[in-house]
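Chemist: My questions concern the predicted model and sequence given below.
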Amino acid sequence: MSGRRIVVTSGKGGVGKTTTTVNVGAALAKRGQKVVLVDADIGLRNLDLVLGVEKRIVFDIVEVIEGRCQLRQALIRDKRFESLSMLPAAQTREKEAITEEQFKAVIVELAETADFVLIDCPAGIEHGFRSAVAGASEAIVVTTPEVSAIRDADRVVGKLGALKIPLRLIVNRVRPEMVKTGDMMSVEDVSEILSAELLGIVPDDEEVIDTTNRGEPIVLDETQRLAAIYDKIARRLCGDVVPFSSLDGPGFFSRLKTMWKAG
Amino acid sequence: MQAFDQPSGAGAPQTAPPLGRAIVVTSGKGGVGKTTTTANVGAALAARGANVVLVDADVGLRNLDIVLGLESRVKFHLLDVLEEKATLDEALVRDKRSETLYLLAAAQTREKEDVDTGQMKALIESLRARFDYVLIDCPAGIEMGFKNAVAGAGHAIVVCTPEVSAVRDADRVVGLLPNDWRPQLIINRLRPGLVKRGKMLSVDDVNGILRLPLLGVIADEPGVIVATNRGEPLALDMGSETGAAYRAIAAKLAGEDVAAPTVRPSGGFFSKLGSLFGGR
């Protein structure tokens, strides 16, 4: 078995890479997929916090690579989802502590026993980005509908293209009311600028701040509207055709729907 | 040490004055508002009559030009100056709205590893000779780009949002800054309503961990996104409360005695936060 190796990246920081990694991963696990989340942000790790496992970290990826522990010893199994586990980054080390080849070897090994390995990429396009991408065979690019985020995403899309890594786009933190008033770019605009296939549209939801601080993936609570949205993203990743039109109120996504039908 | 062109533009001093202050705006975590802070604090300082230059240190992922609405005027960038392909005067872009506000853009199609820490130091030093304030917009992370951005500075503003992950990253960055800097803190994107309902960290929660002198608190408001997309800093909008908060920060930086920012009630809700920083 060799699972899919997907890097979650963005260029710009703070657009929701870690939140996306955790929630898409949890949604996949909920559907019975075996998922490993890897925090590639050495020195500034946060995936453990968002997943709520920070107190259970014993070993990290750098210690695995340096041979101080077995890979399976460093993996932390989530208590809510049987088939979800995570590999933490080192907090007090530098990104240069591991090479692209070493990182890739760990990811490939993880993929031998998992359906999905999701790699949470650090912000920027420096060494940490190159390592995170080295292990991936496909990519999810996360962006928000802001000029600066899109410009950075465009840069990353270019780099992924040069590496021949196929990618799909998640537009995060969309505020339909601002799009309506012309104060925010539409999803259609964003996807067109980046000429990337859409994987998901996630509305801005203040509940995310709270669930992130608590370390509880929002997909845990099925009453949350975002839970259904991340589930749809998970289904699309698994190959299901899930229309975008039904996920929010009428009007806003109607333009998108026609685009989707046409394409 | 590399030599740079002598001052001649509007920002030039008449006689040798004391060097200006070089302040790096940093955070560790991305997307917390470093660039927005740099643009707004810089615009507010310039509006007070100070000579200000904003330096985009995010080589490869520049955005300060967009936030200032100057992207179409950028002809040369920081690396062009370091590599002597352009003079400093050619590379400095004057703001549309202010006579005393300038931008030195980052290269977009280059890598952070192309900049050398020593060169960066020399460049910032030459800027300090002709500007009162040199604000350096640091990239996210703590890699080479961070090191270069910090190299020439003598002060730091740490920007943090009321989120556990941002606080952890800010704490890490403070630990990497020189001990004698005493960085000042701006808490960005606070939503008082959420704090009241116990769903967001309070100013006290955040600074209970970081323990830095508080320079300002900026509320979360959609107006910031709109202003950023339009390239118009809110600091210049006299009707905006957020603009007023940025102007108060500028006044405080300039040494004025400004009342401490309103501190919201603390919940003690996020008790898990404290345990995060005791471990490894």
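Modeler: Alright, I've got the coordinates.
Chemist: From now on I want contacts and neighbour counts done on CA atoms only, so please keep to that.
Modeler: Noted.
Chemist: residues in chain B within reach of chain A, list them.
Modeler: Residues of chain B that fall close to chain A, judged by C-alpha under 8 Å from any C-alpha of the partner chain: B:28-32, B:60-63, B:66-67, B:111-112, B:139-144, B:163-165, B:168-169, B:172, B:199-200, B:225-226, B:229, B:276, B:280.
Chemist: Among the residues you listed, name the buried ones.
Modeler: Those of the residues of chain B next to chain A that meet the buried threshold are B:28-32, B:60-63, B:66-67, B:111-112, B:139-144, B:163-165, B:168-169, B:172, B:199-200, B:225-226, B:229, by 16 or more other C-alpha atoms under 10 Å in any protein chain shown.
Chemist: Which of these fall in helices?
Modeler: By the criterion of DSSP state H, membership of those in helices covers B:66-67, B:144, B:164-165, B:168-169, B:172, B:225-226, B:229.
Chemist: could those be laid out in CSV, adding pLDDT?
Modeler: Compiled in CSV, those are given as follows (pLDDT from 0 to 100):
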residue, pLDDT
B:Ile66, 95
B:Val67, 95
B:Met144, 95
B:Val164, 94
B:Ser165, 96
B:Arg168, 97
B:Asp169, 97
B:Arg172, 97
B:Ile225, 86
B:Val226, 88
B:Asn229, 84
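Chemist: between those residues, which is closest to B:Thr100?
Modeler: Nearest to B:Thr100, judged by C-alpha to C-alpha, of those is B:Val67 at 17.3 Å.
Chemist: Not counting sequence-adjacent ones, nearest residue to that closest one?
Modeler: Leaving aside its chain neighbours, B:Val67 sits nearest to B:Gly231 (4.5 Å; criterion: C-alpha to C-alpha, 6 or more residues apart in numbering or on different chains).
Chemist: residue contacts, residue 164?
Modeler: All of this is about chain A. With contact set as C-alpha atoms under 8 Å, 6 or more residues apart in numbering or on different chains, A:Lys164 has no partners.
Chemist: Wait, chain B was what I had in mind.
Modeler: B:Val164 touches A:49, A:212-213, B:201, B:273, counting by C-alpha under 8 Å, 6+ apart.
Chemist: any idea which of the residues you listed has the most stuff around it?
Modeler: Most neighbours among the contacts of B:Val164, by other C-alpha atoms under 10 Å in any protein chain shown: B:Leu201, with 30 neighbours.
Chemist: B:Gly193 is in contact with that one, correct?
Modeler: No: contact criterion C-alpha atoms under 8 Å: B:Leu201 and B:Gly193 do not qualify, at 11.1 Å.
Chemist: Which members of the contacts of B:Val164 define the maximum pairwise distance?
Modeler: A:Leu49 and B:Leu201 (14.7 Å).
Chemist: Which of the ones in helices among the buried ones among the residues of chain B next to chain A sits closest to B:Gly239?
Modeler: Closest to B:Gly239, out of all of these and judged by C-alpha to C-alpha, is B:Val226, at 14.9 Å.
Chemist: Nearest spatial neighbour of the closest one, chain-adjacent residues omitted?
Modeler: Closest to B:Val226 by C-alpha to C-alpha, 6+ apart is A:Asp183, at 5.7 Å.
Chemist: Check the gap between that neighbour and B:Glu71 for me.
Modeler: 19 Å (C-alpha to C-alpha, to the nearest Å).
Chemist: follow-up on the earlier one: could I get the contacts of B:Val164 in JSON lines, plus columns for secondary structure?
Modeler: Shown next, in JSON lines, are the contacts of B:Val164 (DSSP: H, G, I helix; E, B strand; the rest coil):
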{"residue": "A:Leu49", "secondary structure": "helix"}
{"residue": "A:Thr212", "secondary structure": "helix"}
{"residue": "A:Asn213", "secondary structure": "helix"}
{"residue": "B:Leu201", "secondary structure": "coil"}
{"residue": "B:Leu273", "secondary structure": "helix"}
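Chemist: Report the lowest-confidence entry in those.
Modeler: Confidence by pLDDT is poorest for B:Leu273 among the contacts of B:Val164, given 49.
Chemist: For chain A, identify the residue most remote from the centre.
Modeler: A:Thr181 (29.2 Å; C-alpha atoms, centre = their mean).
Chemist: Look up how far chain B lies from it.
Modeler: 11 Å (C-alpha to the nearest C-alpha, to the nearest Å).
Chemist: pLDDT value on that residue, please?
Modeler: For A:Thr181, the model assigns a pLDDT of 91.
Chemist: try the one 4 residues further on
Modeler: At A:Met185, the model reports a pLDDT of 91.
Chemist: can you check B:Val263 too?
Modeler: 42.
Chemist: Go through the helix or strand containing A:Ile150 and flag the buried ones.
Modeler: Secondary-structure element containing A:Ile150, defined by DSSP states H and E: helix A:147-162. Buried residues in helix A:147-162, counted by 16+ other C-alpha under 10 Å: A:147-157, A:160.
Chemist: Quickly check: stretch A:28-48 near chain B or not.
Modeler: Yes: for a cut-off given as C-alpha under 8 Å from any C-alpha, stretch A:28-48 has contacts with chain B, namely A:43-44, A:46.
Chemist: just how off-centre is that stretch within its chain?
Modeler: Its chain's C-alpha centre and that of stretch A:28-48 lie 9 Å apart, by C-alpha atoms, centre = their mean, to the nearest Å.
Chemist: List the buried residues of it.
Modeler: Across stretch A:28-48, burial judged by 16+ other C-alpha under 10 Å covers A:28-30, A:33-48.
Chemist: Tell me which of the residues you listed fall in strands.
Modeler: Among the buried residues of stretch A:28-48, the ones falling in strands (DSSP state E) are A:35-39.
Chemist: got these as JSON lines, with distance to A:Arg80 and pLDDT columns?
Modeler: Below are these laid out as JSON lines (distance: C-alpha to C-alpha, whole Å; pLDDT from 0 to 100):
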{"residue": "A:Val35", "distance to A:Arg80": "13", "pLDDT": "98"}
{"residue": "A:Val36", "distance to A:Arg80": "14", "pLDDT": "98"}
{"residue": "A:Leu37", "distance to A:Arg80": "15", "pLDDT": "98"}
{"residue": "A:Val38", "distance to A:Arg80": "18", "pLDDT": "98"}
{"residue": "A:Asp39", "distance to A:Arg80": "19", "pLDDT": "98"}
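Chemist: now, which of the residues you listed sits nearest B:Glu125?
Modeler: Looking across these and measuring by C-alpha to C-alpha, the closest to B:Glu125 is A:Asp39, at 37.7 Å.
Chemist: the helices in the stretch 1-150 of chain A, which residues?
Modeler: According to DSSP state H, counting those that start in this stretch, the stretch 1-150 of chain A carries its helices in the segments A:17-30, A:47-51, A:61-65, A:71-74, A:100-111, A:127-134, A:147-162.
Chemist: now do chain B
Modeler: Going by DSSP H, chain B shows helices at B:34-47, B:64-67, B:78-82, B:88-91, B:117-128, B:144-151, B:164-176, B:192-196, B:203-210, B:222-230, B:241-253, B:271-276.
Chemist: Who are the packing partners of the fourth one?
Modeler: I take that to be helix B:88-91. helix B:78-82 (3 or more C-alpha pairs under 8 Å, 6 or more residues apart in numbering or on different chains; DSSP states H and E).
Chemist: What is the helix it packs on packed up against?
Modeler: helix B:88-91, helix B:117-128.
Chemist: Could I get the CA-only coordinates of the last one as PDB?
Modeler: Spelled out, that is helix B:117-128. C-alpha atoms of helix B:117-128 as PDB (Å, rounded to 0.1, in the frame of the first residue of the first chain):
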ATOM      1  CA  THR B 117      23.200  39.600   6.600                       C
ATOM      2  CA  GLY B 118      26.200  42.000   6.500                       C
ATOM      3  CA  GLN B 119      24.900  43.700   3.400                       C
ATOM      4  CA  MET B 120      21.500  44.200   5.000                       C
ATOM      5  CA  LYS B 121      23.100  45.800   8.100                       C
ATOM      6  CA  ALA B 122      25.000  48.200   5.900                       C
ATOM      7  CA  LEU B 123      21.900  49.100   4.000                       C
ATOM      8  CA  ILE B 124      19.800  49.800   7.100                       C
ATOM      9  CA  GLU B 125      22.600  51.900   8.500                       C
ATOM     10  CA  SER B 126      22.700  54.000   5.400                       C
ATOM     11  CA  LEU B 127      18.900  54.400   5.600                       C
ATOM     12  CA  ARG B 128      19.200  55.500   9.300                       C
END
